[in-house]
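Visitor: here is a sequence together with a model predicted from it:
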Amino acid sequence: MAFFEMAKTAIKSLIHCPATIRYPFQPAKKTPISRGHVIIDASRCISCGTCQRKCPSQAILLNKEAKTWQIDRFRCIVCNSCVETCPAKCLVMDTQYTAPVTKKSVEIVTITYVKPPKPAPATAAAGGEAKT
Ligand code: SF4
Ligand code: SF4
C-alpha cells in the first residue's frame, strides 16, 4: 500500500512542478515577516553592547576602541533578539536571505555614530551676562 502511495507522489512530481525550488539559482520565497539577515545602520549605533550580550549564539562582536561592529553569519540563527533589544533601533531584520558563503562569514562594519554636542546652559541661551 505504501508503495502505491509513494509511486503516486513520484508520478505527481514528474508531471507537476517540483515542491522545492533550486535556491540560490532561483530566488527564495519570502514574506514581509521573513527573517533574512540582520543589518545595521552604523550611523545610529551608540556602542552600548546590548546586542552582543543578548545574542544567544555569540554572533555579534562589538569593539568600542576600534569602533567596529561585526556579525558572523555562520553563527547567527536569525532569532531577532538583537533587533528587538537594540535601544537605538539601528538593527533591522531584512527579508532578503544572505548569499551562500563558504569561507568568509564575518562582516565588519565601522561605527560612524557621532555623539551630538551637549546643549548650551540655559542661562547662556537666555542671553545672561557673562561674569568678568
Ligand atoms: S538575530 Fe539572534 S543570533 Fe543573529 S545576531 Fe541577532 S541575536 Fe544573534
Ligand atoms: S547595534 Fe544597537 S544594541 Fe548593538 S551596540 Fe549598537 S546601539 Fe547597542
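Guide: That came through, no problem. Residues are numbered from 1 along each chain as shown. Ligands and ions are numbered 1, 2, ... in the order given.

Visitor: pull the number of nearby residues for residue 55.
Guide: Using other CB atoms under 10 Å, residue 55 has 21 other residues around it. C-betas here are computed from N, CA, C, even on glycine.

Visitor: ok, it - contacts?
Guide: Contact analysis of residue 55 by CB atoms under 8 Å, 6 or more residues apart in numbering lists 76, 81-82.

Visitor: and it, how far is that from residue 16?
Guide: 42 Å (CB to CB, to the nearest Å).

Visitor: just residue 41 next, same as before
Guide: For residue 41, the distance to residue 16 - CB to CB - is 44 Å.

Visitor: which non-adjacent residue is nearest residue 111?
Guide: Of all residues not flanking residue 111 in the chain, residue 67 sits nearest, at 4.5 Å (CB to CB, 6 or more residues apart in numbering).

Visitor: most centrally placed residue in the chain?
Guide: Central residue of the chain (CA atoms, centre = their mean): residue 38, 0.9 Å from the mean position.

Visitor: still on that earlier bit, so which of the contacts of residue 55 belong to helices?
Guide: Of those, the ones assigned to helices by DSSP state H are 81-82.

Visitor: looking at the contacts of residue 55, which is nearest ligand 2?
Guide: residue 82 (6.5 Å; CB to the nearest ligand atom).

Visitor: count of residues packed around the nearest residue to the closest one once chain neighbours are set aside?
Guide: Among residues not flanking residue 82 along the chain, residue 51 sits closest, at 3.8 Å (CB to CB, 6+ apart). Here the number of neighbours of residue 51 (other CB under 10 Å) works out to 26.

Visitor: surely residue 51 is in a strand?
Guide: No: applying DSSP: H, G, I helix; E, B strand; the rest coil, one finds residue 51 to be helix, outside a strand.
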